[in-house]
Structures are given as C-alpha cells and as structure tokens.
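Colleague: here is the input, now give the coordinates:
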Amino acid sequence: MLIPLHKLVNHFKLSLRGVLHVGAHECEEQNSYLQHNIDNNNIYWIEAMEDKVKLMKERNKNLNIYQAVIDIDNDKEVTFNIADNGQSSSILEFGTHSKHHPQVKMINKVKLKTIRLDKLIKEKKIPIEKLNFMNLDIQGKELDALKSMGDYIQYVQYIYTEVNTEKVYKDCALLPEIDTFLKEKGFVRVACQMWGNCGWGDAFYIRQ
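Modeller: Next up, the predicted model:
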C-alpha cells in the first residue's frame, strides 16, 4: 500500500470491522490489518493465481482465501498473463508498464474462468455485511471488480484501490472513470498517491 493504513486510520478516524481484499498476492497487508484490531476471521482474500493461494494456505491454514479471477462477467474464459514478479500478472496485457518497468516480463499464459464478486460472495457465504473496508489490486481491472459487486457495495464504507492515470495495462480503467463510478455510489476520493511518473498509484475513497 503506497498510503500506509495507519496514516489513513489516524487521519480519517476510520473504524475498521473487516476487510475484503481482491488481489491478495502473498497477503502482504495482513499484519497491517491485524494491527488495527481486525479479527482474522473478518479478513477475506481473493487471488487469481492458484500457486499463491496454495502457498498462503500452507503458511496459514486459518486464512480465508479463495482462488478466483474477478471480472464484470461470470464464466468467461480469459487468458491470464503471468509476470515474472508475480505482482504484475493480469487479465490485461502490458501497456505503458513495459516502458516504465522494462525489467518485468510476462513469462506464461493460462486459461482461466472469471467470476463476479457478487456471485463469489454468495457462493462462498462471505459475510460482506461485516467487511466495511475493501482493498483492490488487480492490475487495471479494479473498476470492473467494483461494478461486479452489484448491490453488495452498499455494505462497504472505505475503498482502497490501485488506480491508473495512463494505460499502464491495455484497456485498463483510468482514475476519472473510477471517481465517477464511485461518486454515483456515494463515495468521494479523499487521498491519492502516485508511484513516481509511472502512471499508476493508489487512491482511497470514503462513503459520504
């Protein structure tokens, strides 16, 4: 997280009950969540890469983590592009990412099926009414993930998401599009931190 969670909590006086984290990778934010007195049972992780999900389950059998490729449509077969650093893997292909981070390469492609968040929440009986903080880091597909929440977005008070100000990934949503969608849902962007001049960063929204 480019904007440390403790700074957001302290500055905006956040009251965190639970987390839905989309794009878990290796659950690097877990300690930060636990430090803010969020019960581990109220932290739910979603990750597209099966090897990462298996690794996380081996490290912590009590982790609530599910393998899923989140998108606006259900049951759509997509090519998932796997990067050599893991974190840059995405449904989308590199756009300006290749210019800003030439050392990162796509090394494999796998066919996977997509699922909407509202369907996953229902199928896995994820207690979304207890999870008021949402964190998204899925390489350019964050807006589609938000849209796929459907009516469940009403339970979320805080949204922390990766954003793009240029086409870092081909066909990725840009920051103004996320602003517009979330404004319609009652959220206002209150913080944003970009990573140098690389066209991507993190933004934080609060429901008004």
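
Colleague: going by C-alpha atoms from here, please, whenever you check contacts or count neighbours.
Modeller: Noted.

Colleague: for Val188, the count of nearby residues, please.
Modeller: 18 (other C-alpha atoms under 10 Å).

Colleague: any idea how far the residue most central in space within the chain lies from Lys113?
Modeller: The residue lying closest to the centre of the chain (C-alpha atoms, centre = their mean) is Leu136, at 1.7 Å. Going from Leu136 to Lys113 by C-alpha to C-alpha, to the nearest Å gives 19 Å.

Colleague: so the residue nearest to the centre of the chain touches Tyr158, yeah?
Modeller: No. Counting by C-alpha atoms under 8 Å, Leu136 stays clear of Tyr158, with 11.3 Å between them.

Colleague: quick one: the strands in the chain, in order.
Modeller: Remark: strands assigned in the chain by DSSP state E are 19-22, 43-47, 64-67, 69-70, 77-83, 106-115, 133-136, 158-164, 187-194, 200-207.

Colleague: let me know the angle separating the fifth one from strand 106-115.
Modeller: With axes from the mean of the first three to the mean of the last three C-alpha atoms, to 10 degrees defining the directions, strand 77-83 sits at 140 degrees from strand 106-115.

Colleague: tell me the mean pLDDT over strand 77-83?
Modeller: Strand 77-83 carries an average pLDDT of 94.

Colleague: quick one: the helices in this structure?
Modeller: 5-12, 30-35, 50-59, 97-100, 117-123, 142-147, 175-184 (DSSP state H).

Colleague: would you indicate which residues of the third one are buried?
Modeller: For helix 50-59, the neighbour count (16 or more other C-alpha atoms under 10 Å) marks 52-53, 56 as buried.

Colleague: swap in the shortest one?
Modeller: Buried positions in helix 97-100, judged by neighbour count with 16+ other C-alpha under 10 Å: His97.

Colleague: among the helices of the chain, which is nearest Val190?
Modeller: helix 5-12 (9.2 Å; C-alpha to C-alpha).

Colleague: what does the closest one rub up against?
Modeller: Defining contact as C-alpha atoms under 8 Å, 6 or more residues apart in numbering, one finds that helix 5-12 is touched by 14-15, 32, 36.

Colleague: buried subset of the residues you listed?
Modeller: Counted by 16+ other C-alpha under 10 Å, the contacts of helix 5-12 give Leu14 as buried.

Colleague: okay, the contacts of helix 5-12 in TSV with pLDDT and distance to Asp179 next?
Modeller: What follows is the contacts of helix 5-12, written out as TSV (pLDDT from 0 to 100; distance: C-alpha to C-alpha, whole Å):
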residue	pLDDT	distance to Asp179
Leu14	98	20
Ser15	96	23
Ser32	97	26
His36	96	27
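
Colleague: and the contacts of helix 5-12, which is closest to Phe187?
Modeller: Nearest to Phe187 among these, with distances taken as C-alpha to C-alpha, is Leu14, at 14.6 Å.

Colleague: which residue packs closest to that closest one, ignoring adjacent ones?
Modeller: Distance criterion C-alpha to C-alpha, 6 or more residues apart in numbering; nearest residue to Leu14, sequence neighbours excluded, is Leu8 at 7.2 Å.

Colleague: count the neighbours of that neighbour for me.
Modeller: Applying other C-alpha under 10 Å, I find that Leu8 has 14 neighbouring residues.
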